[in-house]
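Visitor: give me a 3D structure for the following:
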Amino acid sequence: VQAFNRALSARKIEDATALLAKGSVQYTLRAAHPGVTATAPTGITSDLKTHWNTIGPVVFSVTTVYSRVPKILDTRIDGDLATVWAQVASETVERNGKSRKDNFSEVYLMVRTGGAWQIGAIADNRGTDSLSVAPAERAASIDAALVSARPQAVAALLRYFRDLDQAEEAYQDACLRALK
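Guide: As a prediction, the model looks like this:
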């Protein structure tokens, strides 16, 4: 949990996502930023690696500082399963100098695989902040376009790569390049 948040604060998405278990889940109860869809099209869960590979570059591109410091409140371990409750102090400084500090709780479901602990799921009680990524209408239209294009694009990429994970990753990379 500490290493994951340190990697995000250092803007090292690859290091952060390397700590995630295969098939890990993000529980999104409400959007952290205005204009961002609050939930995945199929419900409140989404792939955790996809979540950070999508959100991270966007947040990093509009900020000079994105810091997350977790204070571990409680840890429970039972065999290869554990929960970690953390109080996260975050600071976000936009490129225009606007700063925001926030505190919220996160719960991590940890799984031991191959002798190492990995993050299997994350849920938080964070509220929506005012980070101005884009006007709400523009962000909503971009989100709608990417969501509607996804099935057909991923299907085409799946035929090419013959591997769903590679197809999903290629689609995410293309979306990120388009957003830049």
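
Visitor: any idea of the mean pLDDT in the helix or strand residue 58 falls within?
Guide: Secondary structure from DSSP states H and E places residue 58 in helix 48-61. In this model, helix 48-61 has an average pLDDT of 86.

Visitor: do stretch 19-34 as well
Guide: Mean pLDDT, computed over stretch 19-34, is 79.

Visitor: same deal with stretch 115-123?
Guide: On average, stretch 115-123 scores 94.

Visitor: report the buried residues of that stretch.
Guide: Neighbour counts over stretch 115-123 (16 or more other C-beta atoms under 10 Å) mark 117-123 as buried. Bear in mind the C-beta positions are built from the backbone N, C-alpha and C, glycine included.

Visitor: now swap in stretch 50-66 and tell me
Guide: Result for stretch 50-66 [16+ other C-beta under 10 Å]: buried residues 50-59, 62-63, 66.

Visitor: how far is it from where the chain is centred?
Guide: 8 Å (C-alpha atoms, centre = their mean, to the nearest Å).

Visitor: export that stretch as CSV, just CAs?
Guide: C-alpha atoms of stretch 50-66 as CSV (Å, rounded to 0.1, in the frame of the first residue of the first chain):
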residue,chain,number,x,y,z
THR,A,50,-7.0,0.1,-16.6
HIS,A,51,-8.3,2.7,-14.1
TRP,A,52,-4.8,3.9,-13.2
ASN,A,53,-3.4,3.6,-16.7
THR,A,54,-6.3,5.9,-17.8
ILE,A,55,-6.6,8.3,-14.9
GLY,A,56,-2.9,8.6,-14.1
PRO,A,57,-1.6,10.2,-17.3
VAL,A,58,-4.6,12.6,-17.3
VAL,A,59,-4.1,13.8,-13.7
PHE,A,60,-0.3,14.0,-14.2
SER,A,61,-0.7,16.1,-17.4
VAL,A,62,-2.7,18.8,-15.6
THR,A,63,-0.8,18.9,-12.3
THR,A,64,2.7,19.8,-11.1
VAL,A,65,2.2,17.9,-7.9
TYR,A,66,0.1,14.8,-7.2
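
Visitor: quick one, helices of the chain?
Guide: 2-9, 13-17, 48-61, 136-161, 164-179 (DSSP state H).

Visitor: out of those, flag the one nearest residue 24.
Guide: helix 48-61 (3.8 Å; C-beta to C-beta).

Visitor: angle of the closest one against helix 164-179?
Guide: 20 degrees (axes from the mean of the first three to the mean of the last three C-alpha atoms, to 10 degrees).

Visitor: what's next to helix 48-61, contact-wise?
Guide: 8, 11, 13, 16-17, 20, 24-26, 28, 33, 66, 92, 119, 121-122, 131, 133, 168-169, 172, 175-176, 179-180 (C-beta atoms under 8 Å, 6 or more residues apart in numbering).
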